[in-house]
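K.L.:
this one's structure only:
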């Protein structure tokens, strides 16, 4: 299963995270399939490549709970759900 999750980088007591797409059988710090952006919890700075994120969500990648929250903050997850309902024709 392909997952979208956070990979921790940064110094001790000053974490930053990369938003990565990787195989669920691998560790988060191992080689990833794609790098979608980064998040700095100290300054609340969030950068997401919206086009790539929508592509991987469309492929069926499952976001972790924390990544889903970050995608909702950036508005990417709502766009994904809107495109999903548009394709199925549901109201």
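P.N.:
Received the coordinates, thanks. Computed from a prediction, not measured in an experiment: that's the story for all the values here. Numbers count the residues shown, from 1 in each chain.
K.L.:
what residues sit buried inside the longest helix belonging to the chain?
P.N.:
Scanning the chain for the helix with the most residues, using DSSP state H, yields helix 76-88. Neighbour-count burial for helix 76-88 flags 76-77, 80 (criterion: 16 or more other Cβ atoms under 10 Å). Where you see a C-beta, it was placed from the backbone N, CA and C, and this is true even at glycine.
K.L.:
tell me where this structure has strands.
P.N.:
All strands of the chain, identified by DSSP state E, fall at 2-11, 14-23, 34-40, 45-48, 62-63.
K.L.:
for the protein, what helix or strand is lowest in average pLDDT?
P.N.:
helix 76-88 (a mean of 86; mean pLDDT, DSSP states H and E).
K.L.:
need the residues that contact it.
P.N.:
By Cβ atoms under 8 Å, 6 or more residues apart in numbering, the list of residues contacting helix 76-88 from outside reads 48, 50, 53-54, 57-58, 63, 68, 71-72, 91.
K.L.:
change it to 6 Å
P.N.:
With contact meaning Cβ atoms under 6 Å, 6 or more residues apart in numbering, helix 76-88 is reached by 48, 50, 53-54, 57, 71.
K.L.:
and what of stretch 23-34?
P.N.:
If you take Cβ under 6 Å, 6+ apart as the criterion, stretch 23-34 is touched by 1, 3, 5, 7, 20-22.
K.L.:
just the buried ones from those?
P.N.:
With neighbours counted by 16+ other Cβ under 10 Å, the contacts of stretch 23-34 contain buried members at 3, 5, 7, 20-22.
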